[in-house]
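Asks: Next come a sequence and a model predicted from it.
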Amino acid sequence: MTAVSEPAAYERGRGVEAWVQRGVIGAGLVLLATSLLAAFLGGLGWWRPWLVLPLLVVAAGWIGAVVARLPAVRLGVGPAFALLGVAVASGWWLSATHSSQILPRRDAGSNLQAAIALADTGHRILAVPSASIGGPGVLDIDGITLASPAFFETGSAAAPSIQPQFVIGPAAVYSLGRWLGGVGTTLIQPAWLSAAGILAVGLLAAVVIGRWWGPVAAVAVALQFPIVHTGRATYSEPLALLTLGAGLLAWVVAARFEHRRAAVVAGLLVGGTCLVRIDGLREAILLIPVAVLGLVQGRAWPRPLLAGTAVGTGVSLLAAVALSNQYLGGIAASLVPLLALGVVFVLAACVLVLLARRGFGMPRALARILAPLLAGGVVVVGLLLAARPLMMTVRQDPNDPGSRVVAGLQARQGLRVDGGRTYAEQTVTWLAWWVGPLALAVALVALAVLVHRLARAWTAGAALPAWAGPLVVGAGSTVLTLYRPGITPDHPWAERRLVIALPFVALLVVAAAAWLWRPGLAAATGSRTTLARAVAGLVVLVLVAPTAAATWPHRAERVEAGTMSAVASVCRALRPGDVALAVDSRAANEWPQVIRGMCKRPALSTTSALRLDPIQRRAAADRIAAGLPPGGRLVLLAADSPDAITVMGAIPDLVADIDVREDDRLLERRPDGLVNLPIRVWLGSAVPARSGRTASAPPTASPKAMALSRTVASGSRMRTPGVRRTNSARRHCRILIPFARA
């Protein structure tokens, strides 16, 4: 198996084909420039459109001048336009079926709320005037907090603040859509960012496999449901796919043409991916071994590549420490081993380079067996990963918050309750769901052959092929992800971890098909060219057909479409001077930051311990209400049922009542559709205890509220014209506790 032949396939491109490549690389750099600018200006509170947009125009102009001087691989006008067509079609499809994940139930909603807060306030860290929530003593009340999933309470009780979870890149990029067209524009940004990432992957295939194989790979990737799923919502994966894909493309160009500037750009893109997704640190570390081999060979590109990577990674980590330190602390168990691996790689690299400079080489006995040894190792590792369900059950600490989520899902799905399970042993099965087992088998063989070729080139003293970098980074990232995905294992949520692994599988299968298609192969084997190409077509079909079949049920999904109307209803029900207090579990999980960011009203939340004690909860509410300025009103907010409001002596008013469709949350089988998600919100004005009402003797509620409370408590089905309701017990089971694991 081989990539496209060298050097003919690497003639310098001109015109459209060159500008498509440079455009993708430039788009990745602009995305990182936006994130870096937000880290600086957002940290100072200066993230304002009148300042940021002109600066981005200047930055884009400078980046355009830089990438215009980069070399480009000759592809031909036809393949270039075909790749553009695939990308545009993908972007149109994803934007037409975009999600509306407004509530921070998962990463998409939290990224959206962080973007809204950054765009509207100019600050990354959101200061909360203590007077606006009842005075500096409010946060000293046991069980009262500003924190909610994906938003940490920081600062002191006298000067509190809120720090969004995750690194700043997604909030920065999606905040531009907020400025340019509101939430509606923000919601379609991921579609076109994902399309740009698919274009980057297709270009990478075109330059290392073959000109017309690029569009084939792009189609295969565009059809993969995890790519579709993340491209429909404000996740970080579409951004990372673009920056990493553009970085690997620039690396191939740098390695082929020995171009130092392209190498610096490649390093900045790969290392800077940490600005949009902290997991990008993994790919930056995996870059080191190939760069070191290039150094030993005396190539021109490794030093600038490593320098660019060091700058990109270093700046990203500094920004994360300054603006997302609470998040880094929460994922330390995953981050520290990764940093340790980086240190080991750097030390090993230094030793290898030092030994090479002193004349030490590989023993001849090892050189003779290295290629087959590594190829065999690839097959063994792949088979072991696939066989893990037969040999082990991976578990975590049963006291971890994620364990409680898993236990609840197991109970709902009729599985044996064992909340400590991570299901990490089934990651190869997750891959097979979306591309089919035959495609995985072809990809494993292709990977083994390419590793054999790479090792043979090294031991023979030949220059490393230009595709060596993407191969090693892609393979290493895939193996580490499959070994330890580090995510709550419900689907399709968990498929986010496969956004690098699945395109890598597609590229390997397409490389195998390209090898079979080569006319020289048929001549060498004495077989008919037609037969060889028929087999190549069958290999492509083995990849594309299962992928398309798995994605077909999801082709027109609109996850949580209609949520915006519920948010608008809640915001209309709140008036100036109101302070919202989330008094039940779902309200505390989903609504505090929405109230702050979209309704522009202060919001507090209750902890789980306080929610179990209605008397203490009422006492806390009285203390908050007593500290509000004249005209201020404490509003109790519930989203599970009105009971949490009525038990506190207030009258609940149903202000939002809508059913939307959400992703199913399956543990052991592939999801094939959406399920119902009711969104209901009750508000009630807190009545101070001195008015004569107590928690044990609530006031008489309105007939509508009392009927609604009885219906919800009884678990009966409620209907309104054209809307089907679910019973209370099922609804409570579906409450999401987001971000249990990073």
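Replies: Cool, got the structure.
Asks: Which parts of the protein are strands?
Replies: 126-127, 144-145, 151-155, 160-164, 578-582, 603-606, 633-638, 653-663, 674-685, 719-720, 723-724 (DSSP state E).
Asks: who does the fourth one pair up with?
Replies: Right, the one you point to is strand 160-164. strand 126-127 (antiparallel), strand 151-155 (antiparallel) (DSSP bridges).
Asks: Mind checking the pLDDT average for the first one?
Replies: Confidence over strand 126-127, taken as the mean pLDDT, stands at 96.
Asks: and what of the longest one?
Replies: Confidence over strand 151-155, taken as the mean pLDDT, stands at 95.
Asks: Count residues in the vicinity of the spatially closest residue to residue 573 that is not a sequence neighbour, would you?
Replies: The shortest distance from residue 573 to any non-neighbouring residue, by C-beta to C-beta, 6 or more residues apart in numbering, is to residue 655 (4.1 Å). Just so you know, the C-beta spots here come from the backbone N, C-alpha and C atoms, and that holds for glycine as well. Around residue 655 there are 17 other residues, counting by other C-beta atoms under 10 Å.
Asks: which residues touch residue 655?
Replies: 569, 570, 572, 573, 681, 682, 683 (C-beta atoms under 8 Å, 6 or more residues apart in numbering).
Asks: which pair in those spans the largest distance?
Replies: With C-beta to C-beta as the measure, no two of the contacts of residue 655 lie farther apart than 572 and 682, at 14.6 Å.
Asks: Kindly provide the distance from residue 548 to residue 437.
Replies: 16 Å (C-beta to C-beta, to the nearest Å).
Asks: Over to residue 175?
Replies: The value you get for residue 175 to residue 437, if C-beta to C-beta is used, is 42 Å.
Asks: Look at the two and report which has more neighbours.
Replies: Legend: neighbour count by other C-beta under 10 Å for residue 175 and residue 437, higher for residue 175 (28 against 15).
Asks: Return the distance of the more buried one relative to residue 599.
Replies: 18 Å.
Asks: Please apply the same query to residue 192.
Replies: 29 Å.
Asks: Kindly report the same for residue 216.
Replies: Counting by C-beta to C-beta - residue 216 and residue 599 are separated by 48 Å.
Asks: Looking at the two, which is more packed in?
Replies: Per other C-beta under 10 Å, whichever of residue 216 and residue 599 has more neighbours is residue 216, with 24 against 19.
Asks: so what's the more buried one closest to, chain neighbours aside?
Replies: residue 510 (5.6 Å).
Asks: right, and the one you found touches residue 205 too?
Replies: Yes - when contacts are counted by C-beta atoms under 8 Å, residue 510 is listed as touching residue 205 (5.9 Å).
Asks: what residues do these two have in common as contacts?
Replies: With C-beta under 8 Å, 6+ apart, residue 510 and residue 205 have common neighbours 213, 216, 217.
Asks: The last one: neighbouring residues, count only.
Replies: Residue 217 sits with 31 neighbouring residues when counted by other C-beta under 10 Å.
Asks: show me what contacts residue 250?
Replies: So residue 250 contacts 25, 70, 262, 263, 265, 266, 269 (C-beta under 8 Å, 6+ apart).
Asks: ok, now how distant is it from residue 499?
Replies: 20 Å.
Asks: so how many other residues sit close to residue 224?
Replies: Neighbour number of residue 224 under other C-beta under 10 Å is 24.
Asks: Next, find the distance separating residue 437 from residue 443.
Replies: For residue 437, the distance to residue 443 (C-beta to C-beta) stands at 11 Å.
Asks: Got the confidence number for residue 405?
Replies: 88.
Asks: I'd guessed it sits against residue 487; true?
Replies: No - if you go by C-beta under 8 Å, residue 405 and residue 487 don't touch, sitting 11.2 Å apart.
Asks: So which of the shared contacts of residue 510 and residue 205 sit within helices?
Replies: 213, 216, 217 (DSSP state H).
Asks: which ones are touching residue 86?
Replies: Residue 86 neighbours (C-beta under 8 Å, 6+ apart): 198, 199, 202, 215, 218, 219, 222.
Asks: What is the nearest of those residues to residue 532?
Replies: The closest of the contacts of residue 86, once distances to residue 532 are taken by C-beta to C-beta, is residue 215, at 20.8 Å.
Asks: Show me what residue 659 is bridged to.
Replies: Applying DSSP bridges, one finds that residue 659 bridges with residue 678.
Asks: where's it relative to residue 678, distance?
Replies: For residue 659, the distance to residue 678 - C-beta to C-beta - is 5 Å.
Asks: if we look at stretch 323-340, which residues are touching it?
Replies: In contact with stretch 323-340 (C-beta under 8 Å, 6+ apart) are residues 39, 42-43, 124-125, 152, 154, 163-168, 278, 281-282, 285, 320-321, 484, 486, 742.
Asks: Just the C-alphas of it, formatted as PDB.
Replies: C-alpha atoms of stretch 323-340 as PDB (Å, rounded to 0.1, in the frame of the first residue of the first chain):
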ATOM      1  CA  LEU A 323      -9.200  31.900  32.500                       C
ATOM      2  CA  SER A 324     -10.300  28.300  33.000                       C
ATOM      3  CA  ASN A 325      -8.300  27.200  36.100                       C
ATOM      4  CA  GLN A 326     -11.400  25.700  37.800                       C
ATOM      5  CA  TYR A 327     -12.000  23.500  34.800                       C
ATOM      6  CA  LEU A 328      -8.400  22.400  34.700                       C
ATOM      7  CA  GLY A 329      -8.600  21.400  38.300                       C
ATOM      8  CA  GLY A 330     -11.600  19.300  37.600                       C
ATOM      9  CA  ILE A 331     -10.000  17.300  34.800                       C
ATOM     10  CA  ALA A 332      -6.600  17.000  36.500                       C
ATOM     11  CA  ALA A 333      -6.900  13.200  36.700                       C
ATOM     12  CA  SER A 334      -6.900  13.200  32.900                       C
ATOM     13  CA  LEU A 335      -4.600  16.100  32.300                       C
ATOM     14  CA  VAL A 336      -1.700  15.200  34.600                       C
ATOM     15  CA  PRO A 337      -1.000  11.800  32.900                       C
ATOM     16  CA  LEU A 338      -1.100  13.500  29.500                       C
ATOM     17  CA  LEU A 339       1.400  16.100  30.700                       C
ATOM     18  CA  ALA A 340       3.600  13.400  32.100                       C
END
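Asks: just to revisit the earlier point, and the residue nearest to residue 573, what's its pLDDT?
Replies: 97.
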